[in-house]
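> What would the 3D arrangement of this be:
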Amino acid sequence: MALFLFRLGRWSYLRRWLVIGIWAVLLAAVGGGSLVIQKGYNDVFSIDGVPSQHATQMLMDEFPGTDNPAEASDVNLVFQAPEGEKLSDEKYMGVLDEVVEAVRTNVDDFGDDSSFGNPVVFNDQQSQMVIDTSTEMGLPRDVAEADAANVATLSPDGRTGTTSFAFDVDLPADVTPADKDAVNDALDIARDAGLKAEAGGAGFGDPIVIEPISEAIGLLAAFIILFITFGSLIAAGMPLISAVVGVGIGALGITGATAFVPLNNITPVLGIMLGLAVAIDYALFIMSRYRDELRHGRSRPDATGLAVGTAGSAVVFAGLTVIIALVGLRVANIEFLTYMGYAAAATVLLSVFVALTLVPALFGAFGNRVFRKDAAVGAKVRDGMTVEEADDAVAAALASGSRGARRRARGQHEKKARRARSSSRASLGTRWVQLVHRAPGGFLLVVIVSLVLLTLPAMSLQLSLPSDKTSPVDSTQRQSAEMLEEGFGAGRNSPFLVIVNTDDVKPDSAALAPLVSSGIEPAQAAFVTVKDRLGNNVGVKHSQLIGASEDGSTAQILVTPETGPTDERTAQLIQQLRSQQSILENETGVDMGITGLVPIQQDVTDRLSDAMPIYLALVVGLALVLLLMVFRSLMVPVMAAAGFLLSVGAAFGVTVLFWQEGLWGLINSPGPLISFMPIFLIGVTFGLAMDYQVFIVSRMRERFTLHSHEAAKTSKYNAVEDSVIGGFGLGAKVVTAAALIMICVFASFIAQPLPFIQIFGFALGVGVLFDAFFIRMTLIPALMFLCGRATWYMPRWLDRILPSVDVEGAKLEDAYSSGKVERMEEPASARI
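Okay, here's the model as predicted:
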C-alpha cells in the first residue's frame, strides 16, 4: 500500500491542476445536485422493535387520523398572570381572546384546534363536558371531577392557563420560521398587557442548525496552531483549504442523501464537527512528513510521494479505524444512529482522500513558497552535508541577506546555541518523555488515579432526548415547561398514553369478575380495571379514560405521573407500568401498550444504553486486533485499549460534572445528557485514540526496528528505552499540534445555541484532551518503560498468522533508498 500511495502522492503533485480541478468540480457538482434533490432533515427520534411501537401502531389503527406521538407538531401556549391576579380578571380576558384569534388568523399551517381557545373559557367548557360524560358512564361524581381537574387548562389558583393546537405539517421540522414568528407575535400581545406568555411543545422546538461562529472559531484556532507549528502563512492555510473542501463535500452529500433515506437533523452537525477535526489533522501529519523529507534532501516530487507513502499510510489506517468505529454504530440497531454513523464515516473517508490527493496537489500549486528554508537545507544535504551542517549554512546565508533575514537568522542561531548546550533539550517532546523515564511508576499512578477519580461522576449519568425541559433556561420552550409545572404539576409535561384493546378479553377473568357481575360489559370492565390498576402505582398522579374507538373495542387511558420528563423516577415508572402490563394482559386477555412522546423517547434511551456495552466490547476488540497487526506486539494493544477506557471514562465523568450536575454554576441549563452522546462519544474517541496511538507508536516501532539496537551500544538507554524516547521525540510535536487543533475545533461548538450540540463539543474536546496528553503522551510511554523488552514481544506463531501492515512505510523507504523506486527531480516547469 505504501508504494501505491507514494505513486499517488507524486502523481497528484505533478498533476496538481488536474487534481485541484477534479475536487473543485466535485464540490460544485455535489453541492448543486444535493440542493436540488434534498428533501430536508427530520427531528424524529423513533426506532423499530421497541415496546412503544406496538402501542403507537394500535393508536393509529384504531383511531384513524391520529398522529404518531413522535411526529406530532403540537404547540402549547402558556399564560401566567402576575402574583395576586388571575387570568379570569376582566382586563385579561379580552387579551387572551385577542391572542387566540391572532394565532388562528396569522399561522398559515394552522391545524388541529380541538383543544385551542381562551384557556379560561375552554376550561369551564371542557370540565363540564368531562363531568357529564363520566357520570353518564356510571362513574362517581368525585371521580369525574378528578378527571376534569387532571386535564384542566386553568390552574387551581387561576394564575396559569394553557391552550394547544397542532401545526398542519408532516413533521415538526417542517414548521416554518414564519409560522413560529406569528405565534411569538401573538404572544407579544399578552406580554404587552402584563402577562407572562411562552410557547413550547414538539412543534415549537428550535431548529437544529450549526451557527457559522463555530466553524470560524475552530478554523481560526487551527490556523494559529498551524502557523506556530510551521512558521508559514501558506503552510498554515493548506490544511484549512483541504478541510473545507472535504467537509464541504461531505456535508452537502449528507444533505443530498435526504432524498433517499430519512436523516435526523443532528446528522450533519456531527459530520461537520468530526470532519473538520480529522481533515485538518490528517493534512498536518502529511505536511509534517513532507517537511522532514525536504530537509533530508528529497526533491519536492519525491518528498511528496514519500510523505504520502509513509505518513499517508498511517492516515489511511487511522482513518480506517475511525470509519470502522462509526460504521460499527450499526450494532445498536437504531436506524437514525446508524445513518449518523454512516454520514460521519463518509465525511472521514472524504477527509482521507483529500489528504492523500488534494494536499499533494497543493504542494505542487504553491511550489517553493511552501517550506522554502527546509528545501534549501535539503539541497545542501544532497551536496553531502549533514542536516545540522546544512541548517548552519542556510542560516549563514540568510544572515547575509536583508535586515529582516539577518534578524531571523540571529534568532535561529541563538536557538541552535541553546540546543547545543544540552542535547537533552533537543525538543519539548524529548524532554517530557525523558522526565517520564525518570519515574515511570509515579507518572503511571498519577494518570490512573486522576482519570479514575474523574470517571466516578459518570456513575450518576442520566440520559434523555431533547425536550422543552432540556432547552436553555432562558428559552421560551423551557419557560413554558416551567410554567406548566408550576401551575399543574411536573407530570403535566410527561403524560403517558395507554392503549387497551379488548378483542380477546376474557369474560370469565377473575380480575374482571367484580365489575362483570354488576352488569358491566367485559370490555368496559377491562378498561376500568386497567385504569384503576395503573392509577394505583406509586408515582402516578392520576389515570383516566379519555377516549374510545368507534366500535368500542379500544380505549385510550391518560396516565399522568407525579414527575417530569427528565426525572429518573419517570423512567422507572415507565418500566414499572410495563411490568404490570404483562400481568394485566395475562389476567384479562386485553392487548395493551404505553406510548406518548416521553415513553417513545425513553425507549430510544433504553435501547442506546443496552447497546453501549456491546459496542464498547466491539471497538475495544477491534483495537486489539488492529494494533496487533500493526505493531507486532502483545503489550502495545493492551496498553492502547486500557488507556482508551480510562480516557473515555474520564470524559464521561467530567461531562456529567459540568453539564448534568452544573459544577460551579458554569452551565446555566444543567440536565440529563442527550441519549446517543455516550455511544457516539465512545466511537469517535476510540477512532481518534487509535489515530494518536498509530502516529506516536509507529515512530517508536520504526526506530526500534531500524536504529535502537545499534544506538543502545553507545547510549545510556537500552533498545526499548531508545525506541520510546527517540520515536516520541519525532512524533510528539505533530501529535500535540493535531490534538490541540482537534480540541479547539470541538470546543468551538460550545458556542452553539443548542445545549446538546454544546455537550457534544465539550465531551469530544475533553475526550481528546485526556487521550492525547494523559494516555498517549504519558501513560503509554510510562508503561513501555516499565514493561521493558516485553513491550515489543510477539509470539512467533501469532506473528506468522497475522497479516502484516506496514504503517511506518519501512518497505517503501528501503525501496527508495535501494533505487528500486525511480527518483525524480522537480521539472523546471513545475517550479514557482
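> Which is the succeeding secondary structure element to the helix or strand bottoming out on mean pLDDT in the chain?
Taking mean pLDDT, DSSP states H and E as the measure, helix 403-421 is the helix or strand of the chain with the lowest mean score, a mean of 51. For helix 403-421, the following helix or strand on the C-terminal side (DSSP states H and E) is helix 428-438.
> what's the angle between the helix or strand following that following helix and helix 428-438?
Sequence order places helix 440-455 as the next helix or strand after helix 428-438, per DSSP H and E. Helix 440-455 and helix 428-438 are oriented at 100 degrees to each other (axes from the mean of the first three to the mean of the last three C-alpha atoms, to 10 degrees).
> I'd like to know the average pLDDT value across helix 440-455.
Mean pLDDT, helix 440-455: 95.
> hmm, who's touching that helix?
Helix 440-455 is touched from outside by 436, 646-647, 649-650, 652-654, 770, 774-775, 778-779, 781-783, 785-786, with contacts defined as C-beta atoms under 8 Å, 6 or more residues apart in numbering. Where C-beta positions appear, they are placed from N, C-alpha and C, glycine not excepted.
> From Ile213, how far out is Arg764?
Check again: residue 764 is Leu, not Arg. Distance check for Leu764 against Ile213: by C-beta to C-beta, to the nearest Å, it reads 18 Å.
> out of these two, which sits in the more crowded spot?
Shown here are Leu764 and Ile213; by other C-beta atoms under 10 Å, Leu764 has more neighbours (28 against 13).
> Quick check, that one in contact with Ile682.
No: using C-beta atoms under 8 Å, Leu764 is not in contact with Ile682; the gap is 11.1 Å.
> before we move on, the earlier item: and the contacts of helix 440-455, which of them are buried?
Neighbour counting with 16 or more other C-beta atoms under 10 Å marks 436, 646-647, 649-650, 652-654, 770, 774-775, 778-779, 781-783, 785 as buried within the contacts of helix 440-455.
> Please name the residues that touch Glu813.
Residues near Glu813 by C-beta under 8 Å, 6+ apart: Leu306, Thr310.
> Which of the helices or strands spans it?
With secondary structure defined by DSSP H and E, Glu813 is part of helix 810-818.
> now that helix: mean pLDDT?
Taken as a whole, helix 810-818 has an average pLDDT of 71.
> With stretch 326-346 instead?
The average pLDDT within stretch 326-346 is 84.
> Give me the distance between the two termini of that stretch.
Across stretch 326-346, the straight-line distance between its terminal residues is 9 Å, by C-alpha to C-alpha, to the nearest Å.
> buried stuff in that stretch?
By 16+ other C-beta under 10 Å, the buried positions in stretch 326-346 come out as 326-329, 331-332, 334-346.
> How about stretch 816-824?
By neighbour count on 16+ other C-beta under 10 Å, the buried set for stretch 816-824 is Tyr816, Val821, Met824.
> With stretch 102-114 instead?
By neighbour count, with 16+ other C-beta under 10 Å as the criterion, the buried positions of stretch 102-114 are Ala102, Val103, Val107, Asp109, Phe110, Gly111, Asp112.
> From Asp168, how far out is the third one?
As defined by C-beta to C-beta, Val107 lies at a distance of 9 Å from Asp168.
> The last one now?
Distance of Asp112 to Asp168, given as C-beta to C-beta: 8 Å.
> Ser543 falls within a strand, correct?
Yes: counting by DSSP: H, G, I helix; E, B strand; the rest coil, Ser543 is found in a strand.
> Who does it form a beta bridge with?
Partner residues in beta bridges with Ser543, using DSSP bridges, are Val559.
> secondary structure class for Lys506?
Reducing the assignment to helix, strand or coil with three-state DSSP, the entry for Lys506 is coil.
> And for it, the neighbour number?
Residue neighbour count, defined by other C-beta under 10 Å, stands at 16 for Lys506.
> Around Arg141, how many other residues sit close by?
Under the criterion other C-beta under 10 Å, the count of neighbours that Arg141 has is 10.
> backbone phi and psi for it, please?
The phi/psi pair for Arg141 (degrees, to the nearest 10) reads phi -60, psi -40.
> Now do it against Ala555, distance only.
In this structure, Arg141 and Ala555 are 21 Å apart, going by C-beta to C-beta.
> Ok, Asp170 next?
Distance check for Asp170 against Ala555: by C-beta to C-beta, it reads 27 Å.
> now swap in Arg295 and tell me
For Arg295, the distance to Ala555 equals 79 Å [C-beta to C-beta].
> These two: which is more packed in?
The neighbour count for Arg295 versus Ala555, taken as other C-beta under 10 Å, is higher for Ala555 (25 against 20).
> any idea whether that one is helix, strand or coil?
Here Ala555 takes the strand state, with states given by three-state DSSP.
> and it, what does it touch?
Under the criterion of C-beta under 8 Å, 6+ apart, the contact list for Ala555 reads Ile499, Val500, Thr502, Phe527, Leu545, Gly547, Ala548, Ser549.
> just the residues you listed now: which is nearest Val120?
If you rank the contacts of Ala555 by distance to Val120 using C-beta to C-beta, Gly547 comes first, at 24.4 Å.
> Surely the closest one is in contact with Phe63?
Yes: distance between Gly547 and Phe63: 7.2 Å, which falls inside the contact criterion (C-beta under 8 Å).
> residues shared between the contacts of those two?
Any residue near both Gly547 and Phe63 by C-beta under 8 Å, 6+ apart counts here, and that gives Gln556.
> hang on, the earlier thing: now, the contacts of helix 440-455 that are in strands?
Among the contacts of helix 440-455, the subset assigned to strands under DSSP state E is empty.
> Now do the buried residues in the top helix by length along the chain.
Counting residues, the longest helix in the chain under DSSP state H turns out to be helix 597-631. Counting neighbours by 16+ other C-beta under 10 Å, one finds that the buried residues in helix 597-631 are 597-608, 611, 615-616, 618-620, 622-624, 626-628, 630-631.
> which other residues reach stretch 174-188?
By C-beta under 8 Å, 6+ apart, the list of residues contacting stretch 174-188 reads 40, 73, 75, 77, 99, 102-103, 106-109, 167, 169, 197-199, 203-204, 207, 476.
> With stretch 707-727 instead?
In this structure, residues lying in contact with stretch 707-727 by C-beta under 8 Å, 6+ apart are 430, 433-434, 437, 696-704, 781, 784-785, 787-789, 791-792.
> Mind checking which of those are buried?
For the contacts of stretch 707-727, a neighbour count by 16+ other C-beta under 10 Å gives the buried set as 430, 433-434, 437, 696-704, 781, 784-785, 787, 791-792.
> ok, Asn668 - contacts?
For Asn668, the set of contacting residues under the criterion of C-beta under 8 Å, 6+ apart consists of Pro472, Val473, Asp474.
> quick one: low-confidence parts of the stretch 201-350 of the chain?
With pLDDT under 70 as the threshold, the stretch 201-350 of the chain has low-confidence stretches at 207-210.
> quick one: the strands in it?
Listed from the start of the chain, the stretch 201-350 of the chain has no strands (DSSP state E, counting those that start in this stretch) to report.
> got the residue ranges for the helices in the stretch 1-150 of the chain?
When assigned using DSSP state H, counting those that start in this stretch, the helices of the stretch 1-150 of the chain occupy the ranges 2-14, 16-37, 51-62, 90-106, 119-136, 141-150.
> Check which residues of the fourth one are buried.
Residues of helix 90-106 classed as buried by neighbour count (16+ other C-beta under 10 Å): Tyr92, Val95, Leu96, Val99, Val100, Ala102, Val103.
> Return the member of those residues nearest to Pro156.
Pro156 lies nearest to Tyr92 out of the buried residues of helix 90-106, by C-beta to C-beta, at 17.3 Å.
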